[in-house]
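A.B. asks: Using only what follows, build the 3D model:
(2 chains)
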2 protein chains.
Amino acid sequence: MNGAESLVHTLLGSGVDVCFTNPGTSEMHFVAALDRIPGMRCVLGLQENIVTGAADGYWRMAGKPAATLLHCGPGLANGLAGLHDARRARSGIVNIVGDQAVYHRPYDAPLTADTEGWARGVSAFVRTATRAEDVGADAAVAVQAARTSPGQVATLILPSDSSWNEGGVVGQALPVPAVPQADPHAVKQVARILREQKNVLLLLGGLALTEGAQRQAHRIAAATGARLLAEGSNGRIQRGQGRLQLDRVPYVVEQALAVLGQVQHLVLVNARDPVGFFGYPGKPSRLYPPDAAVHVLTRNEQDAEAALAALADELGAPAVAIPSAGPRPEAPRGALSPEGLAQAVAALMPEGAVIVDESVTYGRGFFPQTYAAPAHDWLQNCGGAIGYGPPVATGAAIGAGGRRVIALQADGSAMYTPQALWTQAREKLPVTTVLLSNRKYQILIGEYRNVGANPGRTAMDMLDLGNPDIGWVKLANSMGVEAAQASTLEALGDLMAQSFARPGPFLIELLI
Amino acid sequence: MNGAESLVHTLLGSGVDVCFTNPGTSEMHFVAALDRIPGMRCVLGLQENIVTGAADGYWRMAGKPAATLLHCGPGLANGLAGLHDARRARSGIVNIVGDQAVYHRPYDAPLTADTEGWARGVSAFVRTATRAEDVGADAAVAVQAARTSPGQVATLILPSDSSWNEGGVVGQALPVPAVPQADPHAVKQVARILREQKNVLLLLGGLALTEGAQRQAHRIAAATGARLLAEGSNGRIQRGQGRLQLDRVPYVVEQALAVLGQVQHLVLVNARDPVGFFGYPGKPSRLYPPDAAVHVLTRNEQDAEAALAALADELGAPAVAIPSAGPRPEAPRGALSPEGLAQAVAALMPEGAVIVDESVTYGRGFFPQTYAAPAHDWLQNCGGAIGYGPPVATGAAIGAGGRRVIALQADGSAMYTPQALWTQAREKLPVTTVLLSNRKYQILIGEYRNVGANPGRTAMDMLDLGNPDIGWVKLANSMGVEAAQASTLEALGDLMAQSFARPGPFLIELLI
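C.D. replies: Below is the predicted model:
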């Protein structure tokens, strides 16, 4: 058995059976091993951010890691933005990077680069498997690291001679470390705050956004009057009928301060204390009052649902039903608007849909209109590296096992990763992309105005995506995805309904 | 004057007047300064490898650096592959990366990343301008570093508060360090070898591939019988009528060994000793005999033409005309072949064309058929990070000031950076892309067979780009570039002639 074969057997034995790939020469023995050993679903991406973003989306829906296969340092570099977003979303990925043979590395051949160095900034675990004999054991540890709560990027670098040399040994699957429990003193402390203080806000993130955790958080809020809020960007929120009507920390600093300005006690439940996406002249970095007290109920990796249940019990809070969000909205008609789009999605989405949201400026108000939608999952960009949407939608569709994915996708962002459409077509994935075509970087035009001026010709040349307009129907068609334009809510609704009724991907270019 | 304004003034004063940009929020004050201060040509790329690759191509043709503008660590990450190739091509780039405000950085906002760490692997110079007062001086040093022979990537990281704070001071333009001269002892030593030994090969790279250096190298070869060869991948070779009929080190190991196997003395002239792109089981890493002696006439950064002239003088070699490559070939007819394509290019290219070659497997034999073409430049991928072609063609067109660029582009590689077509359309650049559509990663299928097996279904799923076929005419059209298909040499010739006769970009999908 060569090293590559031991790797494939170890991955399969450790429960990793999907591999998103963009291989090169130094990975050919691994590809050959994948060909010989049945059991791994291999999904090709035509650029590396498609591969890493898809692995991120897969984790978010499947709750277990996929592997990647990237080609040397530059291939890893091309996928770093996707790994950055995955790290911020706390997604687990077994990130495999092929590389030069160990003995060939000193010759500094053209593709030689600092693969380990580039991996470090996004990885909780980096190891180079320098001997065929070690590949299996190294891979088993990498899978364990990827599955360690709340989910981590584990990078395994695979020199080509470690792949092709004989002597491979299958690594035994290692146990997934248990999700750590909250400190009982933290539970008691937060209970005391909730009993004695006013203006308490529980900020929920990560594992605190599951349906089960929401139910416990609701007991606490109902019993104490504490407010509940989600982080600004979240890897996955369970939403719709039967789930809480949770809002999130607004992106715009002034709006965030309006929401958080009166908080006296901020309780973090698998959340980080809220800070601005960027610093701005004269605006604070922290989005809550400087004199507010911050309490940690649970860290990112801890068991939020159990901690919230213990807290509710400590408070003697009775079980209480989550209030209905009211009837499902009707499909709207008329001119396009952000509210209209959100309402159309709520009205028409199938039960159990997965929303991948990279709507940027257009989608800041999508949450209220979709509270009364059927139960669904909503996935956001946690790292801010744009172009996350198309790849994450691709991987989420595979991880969610046939559920419809609705990608609400800004055009400027989509142009970083349009190659994901090809993978959606090849794999016949149920992804409906609503492409928000405003033909500009709208977020930057807003930020530019914050600088205190209107953009002139040179600035607009850097903020405007027109001249030439991008033809999204042609672009989707060129990669095998059917597509059509819509410029009214009726047309949007018709195209969504058609797309949801049949298998495979579809793109709706929404002329906003 | 704020820091951003001091930066723009410093760049312009130091001779940098083109900026390839993909800005974000943290760069808005820099964008505003570019808007207010006239003189900088700002060219938008829709993904960061377009930006960095274009800067690479610009340097190769203009011989002076452009600036880039990237957005935070993840934006830099998306452009690292382009910078990797630029570094290997010895291109000078002033690589400007906006980042979080210095005071905001400790809050670890979503886009915060190890920007410096990621930059280091591709940069000869990395500095973070932490105060507005220092931005001008830091930028002047960065330009100097970029222009230092043979050309270097100089990364200047620009926190947003260094941009917006007042107190900026324009940095004085610093002198470009002179190109270092060869060691006279090295010249004498190589002259001795050439006089006394047989089987001497002069390997030419970088600055040794200009027309002037070739003329001197030819004197030496004519007088001594030494062989001349170019490196396997070269940033820019001046070729065609009036230039040497230089071949290059073959990519395939066996072919390289056949060419270099008898060499007893290898003289490096701005070249590195030739090694395999990858290691392979049972094949050597070095592509020349283990007992060959290696002599360094000039290092990469030294003045090749002067050293070769001194060497020729030392040998008493007379001036001698470069032999004609014969008459220009006729436009070929009939079925497509690599030789036919190369002949068509030679027959039809305008005088002074720039060839950007990412033809990969299809183009390995393009050199002999194009010796008799009009004078032209030929640019290759030196770093092996694929997708270099479309961005480098874009920047080369700007750097070459109106000369026609002919991009010989494999389809698999083009899918890493298709967004470059949009920039070509917006800037109305004279780029004719011949897109070699074979619908597979042909190089990998060859490498896979080297593993010792034919690819099965799972392997082919990772090597085949069909299912669905990519429609390159639609894809080009979607980004504003006119395009057509050709499947015969006649059709190819007609489309090339049409494209060369009118301004702006065009794409020919060649169904090979």
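A.B. asks: Pull out the buried positions in the helix or strand of chain A with the lowest mean pLDDT.
C.D. replies: Confidence across the helices and strands of chain A bottoms out at helix A:442-451, with a mean of 90, counting by mean pLDDT, DSSP states H and E. Judged by neighbour count (16 or more other C-beta atoms under 10 Å in any protein chain shown), helix A:442-451 contains these buried residues: A:442-445, A:447-448, A:451. For glycine as for every other residue, the C-beta is placed from the backbone atoms N, C-alpha and C.
A.B. asks: check those against chain B, which are close?
C.D. replies: By C-beta under 8 Å from any C-beta of the partner chain, the members of the buried residues of helix A:442-451 lying near chain B are A:443-444, A:447-448, A:451.
A.B. asks: From A:Pro390, how far off is A:Val431?
C.D. replies: For A:Val431, the distance to A:Pro390 (C-beta to C-beta, to the nearest Å) stands at 9 Å.
A.B. asks: One more: A:Lys474?
C.D. replies: The spacing between A:Lys474 and A:Pro390, counted by C-beta to C-beta, is 16 Å.
A.B. asks: isn't A:Gln47 right up against A:Gln419?
C.D. replies: Yes. Taking contact to mean C-beta atoms under 8 Å, the distance of 4.7 Å between A:Gln47 and A:Gln419 places them in contact.
A.B. asks: Identify the contacts common to these two.
C.D. replies: B:Met415 (C-beta atoms under 8 Å, 6 or more residues apart in numbering or on different chains).
A.B. asks: Who has more neighbours out of the two?
C.D. replies: Per other C-beta atoms under 10 Å in any protein chain shown, whichever of A:Gln47 and A:Gln419 has more neighbours is A:Gln47, with 30 against 23.
A.B. asks: quick one: contacts for the closest residue to chain B within the stretch 201-350 of chain A?
C.D. replies: Using C-beta to the nearest C-beta, the point where the stretch 201-350 of chain A gets nearest to chain B is A:Gly279, with a distance of 3.2 Å. Contacts of A:Gly279 were listed using C-beta under 8 Å, 6+ apart, and they are A:285, B:100-101, B:103-104, B:109, B:160-161.
A.B. asks: A:Ala186 too?
C.D. replies: A:Ala186 sits next to A:295-298, A:307 when contact means C-beta under 8 Å, 6+ apart.
A.B. asks: For it, which three-state class applies?
C.D. replies: Here A:Ala186 takes the helix state, with states given by DSSP: H, G, I helix; E, B strand; the rest coil.
A.B. asks: circling back to that earlier point, mind listing which of the contacts of A:Ala186 are in helices?
C.D. replies: Secondary structure defined by DSSP state H assigns A:Ala307 of the contacts of A:Ala186 to helices.
A.B. asks: Which of the contacts of A:Ala186 ranks first by neighbour count?
C.D. replies: A:Thr298 (32 neighbours).
A.B. asks: between A:Lys474 and A:Pro390, who's got more neighbours?
C.D. replies: The residue with the greater number of neighbours, taking A:Lys474 and A:Pro390 and applying other C-beta under 10 Å, is A:Pro390; the counts read 31 against 18.
A.B. asks: contacting residues for the more buried one?
C.D. replies: By C-beta under 8 Å, 6+ apart, the contact list for A:Pro390 reads A:50, A:53, A:407, A:409, A:414, A:417-421, A:424, A:433.
A.B. asks: mind checking the SS state of A:Thr423?
C.D. replies: A:Thr423 is classified as helix under three-state DSSP.
A.B. asks: quick one: it and A:Val431, what's the gap?
C.D. replies: Computed with C-beta to C-beta, the distance linking A:Thr423 and A:Val431 is 10 Å.
A.B. asks: got the buried residues for stretch A:238-254?
C.D. replies: When burial is assessed from 16+ other C-beta under 10 Å, stretch A:238-254 yields the following buried residues: A:238-241, A:243-246, A:248-250, A:253.
A.B. asks: Columns pLDDT, distance to A:Pro180 and secondary structure on top of those residues, output as TSV?
C.D. replies: Listed next are the buried residues of stretch A:238-254 as TSV, based on pLDDT from 0 to 100; distance: C-beta to C-beta, whole Å; DSSP: H, G, I helix; E, B strand; the rest coil:
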residue	pLDDT	distance to A:Pro180	secondary structure
A:Gln238	98	22	strand
A:Arg239	98	27	strand
A:Gly240	98	30	coil
A:Gln241	96	32	coil
A:Arg243	98	25	coil
A:Leu244	98	25	coil
A:Gln245	97	30	coil
A:Leu246	97	24	coil
A:Arg248	96	25	strand
A:Val249	97	25	coil
A:Pro250	97	31	coil
A:Val253	96	33	helix
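A.B. asks: Would you point out the most distant pair within these?
C.D. replies: Of all pairs drawn from the buried residues of stretch A:238-254, the one with the largest separation by C-beta to C-beta is A:Gln241 and A:Val253; the distance is 32.8 Å.
A.B. asks: Kind regards, and thank you for your time.
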